[in-house]
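*Asks:* Predicted model and sequence follow; I will ask about them next.
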Amino acid sequence: MEINLIRMVKVKDLKRDGKVLLKHIRIGKGDNVKESSAVKARLRVLVDDSQILNYYPDKDPKMTEDAENHADAPYDLHGSEDLFPLSVKQRREYISSHSDSLCTLQMGEFELPQLVTDVILNMKKNGVCELEIQDMDELLTNFPNEDIGLDFSALIKGKDEKPKKIIITITIIDVVKPKDFKAMKGQEKVDHVLSIKATATRFFKDASQPNNFQSAADQYQRIIQTVRFTGWEAEEDDEAGAKITAELRSLKMTAYTNIIVCNHKMQNWRKVTEAAQKLLKAKLSPNNVKAMYFKGYAHVKLKEYDEGRVVLERLLTIDPEHGEGKKLLAVAKKQKLVDQQNEAKKYAKMFQ
């Protein structure tokens, strides 16, 4: 009697409309992938059954030197490259010897569609998933992924006929967790913050997505949350450490200022006043002229002319030649008078 075993594959309808299906081919072990991790993976992308990207080998690779030679066996998504039966040393040796054939996916770099990122963040080491996508808008992403040479958005944007189906297969081989900021040393901390700033700048300069100013603001807020002035004050004990501290403080101040600008671009006037007020606190940057101007501008837009006048008059005591500040103060005073006159006319009509 011949018995054929059927593998059960869990399929989840992510959007409950049949247009985004997630197949869990192999469940991994350990913790989920973390944000900002570097993921070593196998990756394959099929567009309408045409392969446009592939990091999978054709044959089942040997897991150890003394493993049976089965080079003729085809690669199997369920069984191939199952690392968990190996010892820790064997896993490291295997990953090191195959690193050139793996792709590296940087979480938190916004170079993958959010749908794909969310799936990976819910995977574990050794896990294998397959996404079948018919809703192409789910694959829009912010930036091209130069590491793997693929821009998911380019598969969709500007096409007379969008693809009908895209299948993305992912195997998590290894996960390199991000280093804790407090554990970083000197220039390493500055470089880490600069990398976040670079991502924020990419968002700010890219107008292809409607929410990019908000995404930029989120990244600047991430800088503020990262640089909390805890765990690195001791670096001020020497000249080099003091320089690092000064750079981190400067980057934090820049992040506050750029959040103000992002909210100004989005015309979120209340958020502009709130962000500016945080920066103008005595311990941060109480005489920041740029923050004062944007705060005054936002108050005028909110018809809070008295608040706008106060902050703009303070600005002009610090920088008497600030041309835009003078113009805005004149607008605030004039508009306050106009509103008062209109209010008086309205009440006068009530008693006629």
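*Replies:* Received, thanks. Numbering: from 1, shown residues only.

*Asks:* and residue 168, that's in a strand?
*Replies:* Yes - applying DSSP: H, G, I helix; E, B strand; the rest coil, one finds residue 168 inside a strand.

*Asks:* Please name the residues that touch it.
*Replies:* 43-46, 116, 130-131, 133 (C-beta atoms under 8 Å, 6 or more residues apart in numbering). In this view, the C-beta of every residue, glycine as well, is placed from N, C-alpha and C.

*Asks:* redo that, cut-off 7 Å
*Replies:* Counting by C-beta atoms under 7 Å, 6 or more residues apart in numbering, residue 168 touches 45, 116, 131.

*Asks:* Show me what it bridges to in the sheet.
*Replies:* When bridges are called by DSSP bridges, residue 168 pairs up with residue 45, residue 131.

*Asks:* Numbering from 45 from now on, please.
*Replies:* All right, first residue 45 from here; so that's residue 212.

*Asks:* At which residues are the strands of the stretch 45-194 of the chain located?
*Replies:* For the stretch 45-194 of the chain, applying DSSP state E, counting those that start in this stretch gives strands covering 54-57, 64-70, 73-76, 82-91, 94-98, 147-150, 168-169, 172-177.

*Asks:* For residue 207, find the nearest of those.
*Replies:* strand 82-91 (5.0 Å; C-beta to C-beta).

*Asks:* What ranges does this structure have for its helices?
*Replies:* 132-141, 158-165, 231-249, 256-270, 283-309, 313-323, 333-345, 349-362, 367-394 (DSSP state H).

*Asks:* Which of these sits closest to residue 95?
*Replies:* Closest among the helices of the chain, using C-beta to C-beta: helix 158-165, at 17.0 Å.

*Asks:* Next one: the nearest residue to residue 258 once chain neighbours are set aside from residue 267, what distance?
*Replies:* Take residue 258 and drop its neighbours on the chain: the residue closest to it by C-beta to C-beta, 6 or more residues apart in numbering is residue 310, 6.6 Å away. Distance of residue 310 to residue 267, given as C-beta to C-beta, to the nearest Å: 19 Å.

*Asks:* And for residue 228?
*Replies:* As for residue 228, its distance to residue 267 is 14 Å (criterion: C-beta to C-beta).

*Asks:* Looking at the two, which is more packed in?
*Replies:* residue 267 (23 against 16; other C-beta atoms under 10 Å).

*Asks:* Enumerate every residue touching that one.
*Replies:* Residue 267 sits in contact with 237, 240-241, 295-296, 299, where contact means C-beta under 7 Å, 6+ apart.

*Asks:* If you rank the residues you listed by neighbours, which is first?
*Replies:* residue 299 (24 neighbours).

*Asks:* just to revisit the earlier point, tell me which of the strands of the stretch 45-194 of the chain is the most buried.
*Replies:* When you average the neighbours per residue for each of those (mean count of other C-beta atoms under 10 Å), strand 172-177 leads with a mean of 22.

*Asks:* where in the stretch 95-244 of the chain is pLDDT low?
*Replies:* Within the stretch 95-244 of the chain, the ranges that satisfy pLDDT under 70 run 109-115, 202.

*Asks:* same thing but at 50, please
*Replies:* Regions of the stretch 95-244 of the chain meeting the criterion pLDDT under 50 are absent.

*Asks:* can you pull the contacts of residue 368?
*Replies:* Residues in contact with residue 368 (C-beta under 7 Å, 6+ apart) are residue 337.

*Asks:* Tell me the spacing between it and residue 319.
*Replies:* Distance, residue 368 to residue 319, by C-beta to C-beta: 19 Å.

*Asks:* follow-up on the earlier one: just tell me which of the strands of the stretch 45-194 of the chain ends up closest to residue 340.
*Replies:* Nearest of those (C-beta to C-beta): strand 147-150, 40.2 Å.

*Asks:* Appreciated, that's everything.
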